[in-house]
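Asker: Generate a structure from the sequence data that follows.
(chains A and B, ligands or ions: 2)
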Amino acid sequence: MLNANIPEGPIEQKWQNHKFKLKLVNPANKRKYHVIVVGTGLAGASAAATLAELGYGVTSFCIQDSPRRAHSISAQGGINAAKNYPNDGDSIFRLFYDTVKGGDFRSREANVYRLAEVSNEIIDQCVAQGVPFAREYGGYLDNRSFGGAQVARTFYARGQTGQQLLLGAYSALMKEVSRGAIRLMPRSELLDVVLLDGQAKGVVIRNLIDGTITSYAADAVVLATGGYANVFYLSTNAKACNVVATWRAHRKGAFFANPCYTQIHPTCIPVHGDYQSKLTLMSESLRNDGRVWVPKKKGDRRAPGAIPEDERDYYLERKYPSFGNLVPRDIASRSAKERCDQGYGVGSTGRAVYLDFADAIERLGRPVIEARYGNLFDMYKKIVDVDPYRESMQIYPALHYTMGGLWVDYNLMSNVPGLFVIGEANFSDHGANRLGASALMQGLADGYFILPYTIGGYLAEQAPLEASAVESAAFGTAQKKVEATIQKLLSIKGKRTVDDFHRELGRLLWDKCGMARSEAGLKEALEEIPKIRKEYWENVNVLGSEGEFNQVLERAGRVADFLEFAETLVIDALGRQESCGGHFREESQTPEGEALRDDEKYAYVAAWEFKGVGMKPKLHKEKLVFETVTPSQRSYK
Amino acid sequence: MSKTINLTLKVWRQANSRSEGRFATYPAPGIDTAMSFLEMLDVVNTTLERMGKDPIAFDHDCREGICGACGAVINGQTHGPQQGTTLCQLHMRQFEDGQTIVIEPWRAAAFPIIKDLVVDRTAFDGIIKAGGYISVKTGSAPDAHTIPVPKANADLAMDAAACIGCGACVAACPNASAMLFTAAKVSHLDLLPQGKAEGPRRVMSMVEQMDRAGFGNCSNEYECEAACPKEISVSHIARMNRAYRRAKFAGAP
Ligand SMILES: Cc1cc2nc3c(=O)[nH]c(=O)nc-3n(C[C@H](O)[C@H](O)[C@H](O)COP(=O)(O)OP(=O)(O)OC[C@H]3O[C@@H](n4cnc5c(N)ncnc54)[C@H](O)[C@@H]3O)c2cc1C
Ligand code: FES
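Answerer: Ligands and ions are numbered 1, 2, ... in the order given. Predicted coordinates:
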């Protein structure tokens, strides 16, 4: 059994007590410690800025040409906090409760409570930084509601909340770069984590402009490298999102937790061609005013406007009268799949449902809808060439977010001492399903308010690293291995492109390990993945050389890791013979087709230990104890 | 409804910042008009890769018009012919069957070419580093409702803050000026009470850095506004100029 180091005491006091008990690094000594932060999304940028403010030396790496372009930039809908400004009955406890329930009782209570507890400070911090949140005429902040909640606790900046929050964190980061407290290294990719005496003390980085490989040593390493949804090839994530950093750390001993918990977002633009490179999310906030429906008659090919009201099935409102269109994502996604599987789907492929604003436009007027969703409607029109003010949108679920990630304890430290993991890259707060507007909250909670304290507890017990550490053998070996892998990829000179393999892997996972999973399907995937991987290493064509700007080589390394990681994801899905949140096992459902959990057997975190490529990883369990919220069958009826 | 069209691409190819570039011509047959411009480039690149030829390098990430990574000059227009649209959101239905498309990188002294269509825009980070922030430390903020912000100001600040830092404004400007980029940030922070305290110092320092980085002067051509995929208004430049004069007059450091 894994020990999560959850502090003693009542849930409301755990974090305050723990903060008090954490050892502190003397302010004069802080500058002797150096921290590497990989990633500049909300989690990484906020952590780097705050660590630098506290006095630590920081080096910050990211793949993009500027930290401001991290994937967090594309978050649309909003960020939750328990401010209760609308006075509708919200509280820290309710946000905590909703998040534990929304996660289908597969998250760690103590972490979630802490998340809810610091949520309000995040909003204060962002406003002080100049984040232009939406406001009401009185000059106060506006809130909206989001899937899975019955209170309005979501703060937003038009449809660009992630952008504005990230620009806030980026500005804090640049403030510290300007002071000389942070060394910024964009266009850099982590290709290995280096351990000295079993502790994470550095990284190996490839400079993406000229291909140089360099080792960097530090007193602690923080991974804020985001999620792995792109293992499915098609997802709503940015193209550079990958599993490299967390996977290489996993190969060095860090446990990978709950990889099968993947979130499928109900409202995305449907797939339209096999050249498709990514799927576009239409923010969940659209479900506040939009109504989801399919025709009552199978295979009804009439234009949506020609289908009269009484021939439409508003299936979410029908099945879940109290939450209606605002049910959590997993339920909305599965319901869409169920209708399409039954033959009620619309669009050219039959794999789409309608999201309709006619009622809302009539009730509120077009200007209100424009103010709320204008940029989303424009984006839809640009992509699909249909005007959603006039005709129903077509939507379908798509891979969106990954709840699984590297295992961390209450201090956000992995089982490898000195290796901290924050943001989407860790597993800790969302259980088996994340509620909307909670990822931004978690990234900033981790980066601004949690990690900067907990890392001090670790550093206080370490002597600062000698400058010569980077010359030690462990770095040399790691660097040689990285170089050898690159050479190997370049030398294959096969017939198939990197993307071709990536697409094949993605299709397989979507079919066998997507919205619904069965024992037979998962076993087939486990047969197939090693075959694709084997062919990859024999037949992939990676052009160019190592010492130059080489985007094919970059992708080749990422796909190689996806091909290893995918197997662990499927093994995890096969082992969890219950349905929970985004993990739906066909064998485990209620007579009404809802997810059926098995708390007796599966109320644990599955943390996998690497045992070699193609070898079965070893399972470690962290038992989930619910002291405050009693797990129940989730109901949104 | 989508259909397929046949195109010819003339693309700027340049191995790295030190080498000379040139145009290369590639056929792009059977392009589905529902594709995005970048998907069209993906298709062409796949063909090049299959022939063992170096694919065209271009920056991209979100492919949703928000990260600001993508961008190229398409037939002389930054981000192509569609108003208010990034290259990744431009779709092939904007082009005609048989058309030749000329594709070039941003050209500006402050944005050296890294490879093909990829340029180095770190000069933008330099401008932000010079003062594009509010100096508030984590944990020291008062409650978010302490200072109400008039909705009109908040909305205007948001209009300016929508900048994605893509660099089209610089590429479109005959002087390769970064006025719109810089002004958008100055305006965003100046319009909010939280940003006021540091206003004079910020504007001075950012404008100086802009000059130092090798961006040109603004001669009111307004090409930047027309090129901006987020349609950021040149009125922010006027606001910045006022703030700059005020700061200079008051003798801000
Ligand atoms: C379209 C979309 C909309 C969303 N909307 C919302 C929303 O409204 N509300 C909400 O709460 N959440 C939303 N989410 C989820 C949320 O945006 C993400 O979960 C969150 O932003 C992740 O932040 P992060 O800091 O953990 O990682 P990211 O923002 O993904 O950043 C990862 C960083 O790591 C770097 N990196 C990765 N690998 C390496 C490597 N090997 N070497 C070096 N650097 C590396 C990258 O360069 C990047 O800087 C949305 C997600 C998507 C896709
Ligand atoms: S790829 Fe992000 S704006 Fe075009």
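Asker: Share the number of residues neighbouring residue 107, please.
Answerer: Defaulting to chain A. Under the neighbour criterion other C-beta atoms under 10 Å in any protein chain shown, A:S107 is assigned a count of 29. Backbone N, C-alpha and C define where each C-beta goes, glycine included.
Asker: wait, I meant chain B there
Answerer: 13.
Asker: surely it meets B:A171?
Answerer: Yes - B:R107 is in contact with B:A171 according to C-beta atoms under 8 Å; the separation is 6.4 Å.
Asker: For the closest residue to chain B within the stretch 1-150 of chain A, which non-adjacent residue is closest in space?
Answerer: Closest residue of the stretch 1-150 of chain A to chain B, C-beta to the nearest C-beta: A:G139 (2.9 Å). In space, and not counting its chain neighbours, A:G139 is closest to B:P148: 2.9 Å by C-beta to C-beta, 6 or more residues apart in numbering or on different chains.
Asker: With B:A34 instead?
Answerer: B:S2 is the one closest to B:A34 (C-beta to C-beta, 6+ apart), at 3.7 Å.
Asker: same question, A:V231
Answerer: Excluding the flanking residues, the one nearest A:V231 by C-beta to C-beta, 6+ apart is A:F562, at 4.7 Å.
Asker: Which of the three states applies to that neighbour?
Answerer: Following DSSP: H, G, I helix; E, B strand; the rest coil, the label given to A:F562 is helix.
Asker: mind checking pLDDT for it?
Answerer: Turning to A:F562, the model gives it a pLDDT of 98.
Asker: Near the residue nearest to A:G139, how many other residues are there?
Answerer: 14.
Asker: shouldn't it be in contact with A:G138?
Answerer: Yes - under the criterion of C-beta under 8 Å, B:P148 makes contact with A:G138 at 6.4 Å.
Asker: residues contacting the residue in the stretch 1-150 of chain B that ligand 1 sits nearest to?
Answerer: Closest contact between the stretch 1-150 of chain B and ligand 1, by C-beta to the nearest ligand atom, is at B:E64 (6.7 Å). By C-beta atoms under 8 Å, 6 or more residues apart in numbering or on different chains, the residues touching B:E64 are A:74, A:280-281, A:379, B:88-89.
Asker: So which of those residues reach ligand 2?
Answerer: Contacts with ligand 2 within the contacts of B:E64, as defined by C-beta under 6 Å from any ligand atom: B:C88.
Asker: Now do the same contact list for the residue nearest to A:G139.
Answerer: The neighbours of B:P148, taking C-beta under 8 Å, 6+ apart as the test, are A:135, A:138-140.
Asker: farthest pair in the residues you listed?
Answerer: Maximum pairwise distance among the contacts of B:P148 (C-beta to C-beta): 8.0 Å, between A:R135 and A:G138.
Asker: Name the residue in those two with the higher neighbour count.
Answerer: Applying other C-beta under 10 Å to A:R135 and A:G138 shows that A:R135 carries more neighbours, namely 21 against 10.
Asker: tell me which element A:S60 falls in.
Answerer: strand A:57-61 (DSSP states H and E).
Asker: Would you mind writing the CA trace of that strand as CSV?
Answerer: Coordinates of each C-alpha in strand A:57-61 appear next as CSV, following Å, rounded to 0.1, in the frame of the first residue of the first chain:
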residue,chain,number,x,y,z
GLY,A,57,16.8,30.0,-8.3
VAL,A,58,14.6,28.7,-11.1
THR,A,59,15.1,27.4,-14.6
SER,A,60,12.0,27.1,-16.7
PHE,A,61,11.7,25.0,-19.8
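Asker: Tell me which helix or strand comes right after it.
Answerer: Per DSSP H and E, strand A:57-61 leads on to strand A:79-80 as the next helix or strand towards the C-terminus.
Asker: Number of residues surrounding the residue lying closest to B:G68 once chain neighbours are set aside?
Answerer: In space, and not counting its chain neighbours, B:G68 is closest to B:I164: 3.4 Å by C-beta to C-beta, 6+ apart. If you count neighbours by other C-beta under 10 Å, B:I164 ends up with 27.
Asker: residue ranges with poor pLDDT in the chain?
Answerer: You didn't pick a chain, so chain A it is. Residues of chain A meeting the criterion pLDDT under 70: A:147-148.
Asker: Not quite, go with chain B.
Answerer: Where chain B drops to pLDDT under 70, the residues are B:1, B:252-253.
Asker: dump the residue contacts of A:N3.
Answerer: Counted by C-beta under 8 Å, 6+ apart, A:N3 has contacts A:409, A:622.
Asker: So it, which state does it fall into?
Answerer: Under three-state DSSP, A:N3 comes out as coil.
Asker: So it versus A:F565, what's the distance?
Answerer: From A:N3 across to A:F565, the span is 26 Å (C-beta to C-beta, to the nearest Å).
Asker: show me where the stretch 101-250 of chain A has helices.
Answerer: Taking DSSP state H, counting those that start in this stretch, the helices of the stretch 101-250 of chain A run over residues A:109-129, A:161-178, A:244-251.
Asker: For the spatially most central residue of chain B, give me its contacts.
Answerer: For chain B, B:C166 is the residue whose C-alpha lies nearest the centre (C-alpha atoms, centre = their mean; 2.2 Å). If you count contacts by C-beta under 8 Å, 6+ apart, B:C166 has them with B:68-71, B:79, B:86, B:229.
Asker: neighbour-wise, which of the residues you listed leads?
Answerer: B:T86 (30 neighbours).
Asker: check contacts around A:L406.
Answerer: With C-beta under 8 Å, 6+ apart, A:L406 has these contacts: A:223, A:246, A:249-250, A:254-257, A:414, A:419, A:421, A:425-427.
Asker: Kindly indicate which of those lies nearest A:N80.
Answerer: A:N426 (18.2 Å).
Asker: burial measure for the closest one, as a count.
Answerer: Residues lying near A:N426 (other C-beta under 10 Å) number 27.
Asker: wouldn't it be in contact with A:V408 here?
Answerer: Yes - the pair A:N426 and A:V408 qualifies as a contact (C-beta under 8 Å) at a distance of 4.7 Å.
Asker: Count the residues that sit near the residue of the stretch 51-200 of chain A found nearest ligand 2.
Answerer: Nearest residue of the stretch 51-200 of chain A to ligand 2: A:R69, at 7.3 Å (C-beta to the nearest ligand atom). A count of nearby residues for A:R69, using other C-beta under 10 Å, gives 30.
Asker: got it, and A:M174?
Answerer: Under the criterion other C-beta under 10 Å, the count of neighbours that A:M174 has is 26.
Asker: dump the residue contacts of it.
Answerer: Counting by C-beta under 8 Å, 6+ apart, A:M174 touches B:125, B:128-129, B:132-133.
Asker: From B:K129, how far out is it?
Answerer: To B:K129, A:M174 is 5 Å away according to C-beta to C-beta.
Asker: start to end distance for stretch B:169-186?
Answerer: Taking C-alpha to C-alpha, to the nearest Å, stretch B:169-186 runs 16 Å from one end to the other.
Asker: Number of residues surrounding the residue nearest to A:V231?
Answerer: 27.
Asker: quick one: contacts for it?
Answerer: By C-beta under 8 Å, 6+ apart, the neighbours of A:F562 are A:228, A:230-231, A:242-243, A:502, A:505.
Asker: Including neighbour count and distance to ligand 1, could those go into CSV?
Answerer: What follows is the contacts of A:F562, written out as CSV (neighbours: other C-beta atoms under 10 Å in any protein chain shown; distance: C-beta to the nearest ligand atom, whole Å):
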residue, neighbour count, distance to ligand 1
A:Y228, 30, 10
A:N230, 26, 10
A:V231, 27, 13
A:N242, 27, 5
A:V243, 28, 8
A:H502, 23, 16
A:L505, 24, 18
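Asker: now, which of the residues you listed lie within strands?
Answerer: With strands defined by DSSP state E, no entry of the contacts of A:F562 lies inside them.
Asker: got the contact list for stretch A:68-75?
Answerer: Counting by C-beta under 8 Å, 6+ apart, A:39-45, A:62, A:64, A:161-163, A:165-167, A:170, A:226, A:236-238, A:240-241, A:281, A:439-440, A:443, B:61-62, B:64, B:66-69, B:125, B:128, B:165 sit against stretch A:68-75.
Asker: Swap in 7 Å and give it another go.
Answerer: Stretch A:68-75 has contacts (C-beta atoms under 7 Å, 6 or more residues apart in numbering or on different chains) with A:39-42, A:62, A:64, A:161-163, A:166-167, A:170, A:226, A:237-238, A:241, A:440, A:443, B:61-62, B:64, B:66-69, B:165.
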